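Asks: Show me how the following folds:
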Amino acid sequence: MKRTLRAAALLLVSAGYLMLMWRGPWMIDGGHLRTQNLQPADGVIVTGFRTTLVAIGAGVIACLGLYYTHHSLQHTRARDREQAELTREGQVTDRYVEAIKLLSGDHPTQRLGGIYSLERIMRDSAKDHTTVVAVLAGFVRQHARLPEGGAPGSRPVDEEVQAALTVLGRRPVRDEPSRLDLRRTNLRGADLTNARFGRARLADCDLSHADLRGVDLENAWLPGADLTGSILTKAVLSRANLRGAGFDGTVLSGARLRDTDLRGTDLRQAQGYDAEQVGTARTDATTGLPASE
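Replies: Numbering: from 1, shown residues only. Sure thing, here's the model as predicted:
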């Protein structure tokens with residue numbers, strides 16, 4: 001239908017143009033032009049009019065040519081971009097498949113290669129960010145699952161789990177639809193220095209003797225977590241849920257505790273904190289504080 005309308009419009013414009021070429025001088029200046037026995041003066045007017053009309057027509061045709069050339073170029077570029085995006089997506093998919101194969105390998109070196117390959121994919125492809133985070137979190141939960149019955153972790157995290165935690169802790173800052181889920185994992189002795197674990201779900205985790213200096217745990221969920229002997233110097237714990245967490249020997253020097261939920265938490269054996277810090281947290285009669293506090 002559109003092609004028919006365009007053809008009809010082109011036919012009408014062409015007919016109108018030819019009519020102007022033929023009768024245009026008399027239509028515009030018919031009062032001064034003879035229709036018969038033309039004189040040289042009449043010829044000059046007719047020729048000038050038709051020359052002008054030809055120049056205008058040539059200009060219009062040139063403009064249309066430029067327009068269609070530009071339109072075709074834009075279409076070609078869009079198609080090239082789509083093809084390049086499809087190619088890139090295919091390459092990312094291939095890399096992802098290879099990384100998963102490495103992650104599920106039997107040798108620790110293979111698993112390490114898979115972890116760092118996934119990190120590269122996560123940084124290169126924002127679309128795959130959420131998937132990679134979920135895969136690495138699942139890897140940690142699978143390889144560092146605490147035994148049933150609430151038993152504490154018996155040994156520090158292994159190299160692959162530490163690598164996955166390091167990658168998760170330095171992941172790009174992007175919108176994430178769900179919280180990082182590391183519940184009931186053995187993270188004993190893990191190095192999470194300056195890691196970004198805001199909003200993470202770490203309920204009932206064994207974080208004993210972990211290096212948590214400068215860690216961002218804002219709005220994180222850590223009820224029942226074991227923080228015995230861990231170092232939380234300058235950690236961000238604002239609005240975190242730490243109800244019932246263990247703090248024996250935990251160092252809290254400079255930690256931010258604004259609106260941190262410390263109800264049911266015993267801080268009597270914690271070290272390095274002061275009344276001002278605790279005063280900004282949420283406490284009640286079940287919060288254990290030294291007598292001097």
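Asks: end-to-end on stretch 268-280?
Replies: Stretch 268-280 has an end-to-end distance of 17 Å (Cα to Cα, to the nearest Å).
Asks: Can you tell me what sits against it?
Replies: 233, 247-260, 262, 267, 288-290, 293 (Cβ atoms under 8 Å, 6 or more residues apart in numbering). C-beta here means a position set from N, CA and C on the backbone, and glycine is covered the same way.
Asks: run the last query once more with 7 Å
Replies: For stretch 268-280, contacts defined as Cβ atoms under 7 Å, 6 or more residues apart in numbering pick out 247-253, 255, 257-258, 288-290, 293.
Asks: Now it: average pLDDT?
Replies: Averaged over stretch 268-280, pLDDT sits at 93.
Asks: chain center to that stretch, what's the gap?
Replies: Distance of stretch 268-280 from the chain centroid (Cα atoms, centre = their mean, to the nearest Å) equals 37 Å.
Asks: now do stretch 194-214
Replies: 23 Å.
Asks: so who does the nearest residue to residue 222 once chain neighbours are set aside touch?
Replies: Residue nearest to residue 222 in three dimensions, not counting chain neighbours: residue 202, with 4.6 Å by Cβ to Cβ, 6 or more residues apart in numbering. Counting by Cβ under 7 Å, 6+ apart, residue 202 touches 182, 183, 220, 221, 222, 225.
Asks: most surrounded residue in those?
Replies: residue 225 (28 neighbours; other Cβ atoms under 10 Å).
Asks: And it, how close does it get to residue 147?
Replies: Distance, residue 225 to residue 147, by Cβ to Cβ, to the nearest Å: 16 Å.
Asks: which residues of the protein score low on pLDDT?
Replies: The chain contains residues with pLDDT under 70 at 10, 13, 15-50, 53, 84-90, 149-154, 291-293.
Asks: what ranges do the helices span in the stretch 151-293 of the chain?
Replies: Under the criterion DSSP state H, counting those that start in this stretch, the stretch 151-293 of the chain contains helices at 159-169, 275-279.
Asks: before we move on, the earlier item: could I get the contacts of stretch 268-280 as JSON lines with neighbour count?
Replies: Listed next are these as JSON lines, based on neighbours: other Cβ atoms under 10 Å:
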{"residue": "247", "neighbour count": "25"}
{"residue": "248", "neighbour count": "16"}
{"residue": "249", "neighbour count": "15"}
{"residue": "250", "neighbour count": "26"}
{"residue": "251", "neighbour count": "20"}
{"residue": "252", "neighbour count": "24"}
{"residue": "253", "neighbour count": "15"}
{"residue": "255", "neighbour count": "26"}
{"residue": "257", "neighbour count": "26"}
{"residue": "258", "neighbour count": "15"}
{"residue": "288", "neighbour count": "15"}
{"residue": "289", "neighbour count": "16"}
{"residue": "290", "neighbour count": "12"}
{"residue": "293", "neighbour count": "14"}
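Asks: And those residues, which is closest to residue 140?
Replies: Using Cβ to Cβ, the shortest approach to residue 140 within those belongs to residue 250, at 22.0 Å.
Asks: quick one, what contacts the closest one?
Replies: Going by Cβ under 7 Å, 6+ apart, residue 250 touches 227, 228, 229, 230, 232, 270, 271.
Asks: helix/strand/coil for residue 57?
Replies: Using DSSP: H, G, I helix; E, B strand; the rest coil, the secondary structure recorded for residue 57 is helix.
Asks: Quickly note the distance from it to residue 108.
Replies: Distance from residue 57 to residue 108, by Cβ to Cβ: 77 Å.
Asks: ok, now residue 241?
Replies: From residue 241 across to residue 108, the span is 34 Å (Cβ to Cβ).
Asks: if we can go back for a sec, mind putting the contacts of residue 202 into CSV with distance to residue 67?
Replies: Shown next, in CSV, are the contacts of residue 202 (distance: Cβ to Cβ, whole Å):
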residue, distance to residue 67
182, 58
183, 61
220, 58
221, 59
222, 63
225, 66
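Asks: Find the pair from these with maximum spatial separation.
Replies: Greatest spatial distance among these (Cβ to Cβ): 183 and 220, at 11.3 Å.
Asks: right, and residue 125 touches residue 93 too?
Replies: No: using Cβ atoms under 7 Å as the test, residue 125 is too far from residue 93 to be in contact (9.8 Å).
Asks: okay, those two: which has more neighbours?
Replies: residue 125 (18 against 13).
Asks: Identify the residues contacting the more buried one.
Replies: Residues counted as contacts of residue 125 (Cβ under 7 Å, 6+ apart) are residue 92.
Asks: Tell me which of the helices of the stretch 151-293 of the chain sits most buried.
Replies: Between these, helix 159-169 has the highest mean count of neighbours, a mean of 21, where neighbours are mean count of other Cβ atoms under 10 Å.
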